[in-house]
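Novice: below are the sequence and a predicted model for it; my questions follow.
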Amino acid sequence: MRQIINISLPKTMASTVEKTVKQGNYASKSEFFRDLLRMWLEGKIGKELAQSREELMAGKGKVLSSLSELR
């Protein structure tokens, strides 16, 4: 089930979104923002993984032998 979220943008940003959609890069403004959110989430997860790797390399992390140890 989808939920509608309304956002307010400055004119320059709104124009950029509209121009990008009109150029055929996205089927709709909604698709533009869904893709933007996916990219943001991927970047966030990537940063968290990099931080975890750094902790493991520094000996600060804990290596689990099974998923049950997450509890």
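Specialist: That came through fine.
Novice: please make it C-alpha for all contacts and neighbour counts, starting now.
Specialist: Fine.
Novice: in the protein, where is pLDDT below threshold?
Specialist: Along the chain, the parts satisfying pLDDT under 70 run over 71.
Novice: go again using 90 as the cut-off
Specialist: Across the chain, the ranges flagged by pLDDT under 90 are 1-2, 48-49, 51-57, 59-71.
Novice: for it, which segments count as helices?
Specialist: Assigned by DSSP state H, the chain shows helices spanning 11-22, 29-57.
Novice: so which of those gets nearest residue 66?
Specialist: Among the helices of the chain, helix 29-57 comes nearest to residue 66, with 16.6 Å by C-alpha to C-alpha.
Novice: gap between that closest one and the chain center?
Specialist: Distance of helix 29-57 from its chain centroid, counting by C-alpha atoms, centre = their mean, to the nearest Å, is 5 Å.
Novice: by contact count, what packs against it?
Specialist: On a contact count with 3 or more C-alpha pairs under 8 Å, 6 or more residues apart in numbering; DSSP states H and E, helix 29-57 meets helix 11-22.
Novice: with just CA atoms, put the helix it packs on into CSV.
Specialist: C-alpha atoms of helix 11-22 as CSV (Å, rounded to 0.1, in the frame of the first residue of the first chain):
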residue,chain,number,x,y,z
LYS,A,11,11.4,27.0,-7.4
THR,A,12,14.9,26.1,-8.7
MET,A,13,14.7,22.6,-7.2
ALA,A,14,11.2,22.0,-8.5
SER,A,15,12.3,23.1,-12.0
THR,A,16,15.1,20.7,-11.9
VAL,A,17,12.8,17.8,-11.0
GLU,A,18,10.3,18.8,-13.7
LYS,A,19,13.0,19.2,-16.3
THR,A,20,14.5,15.8,-15.4
VAL,A,21,11.1,14.1,-15.7
LYS,A,22,10.3,15.9,-19.0
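Novice: quick one, it and helix 29-57 angle?
Specialist: In terms of direction (axes from the mean of the first three to the mean of the last three C-alpha atoms, to 10 degrees), helix 11-22 departs from helix 29-57 by 100 degrees.
Novice: now helix 11-22: buried residues?
Specialist: Buried positions in helix 11-22, judged by neighbour count with 16 or more other C-alpha atoms under 10 Å: 17, 20, 21.
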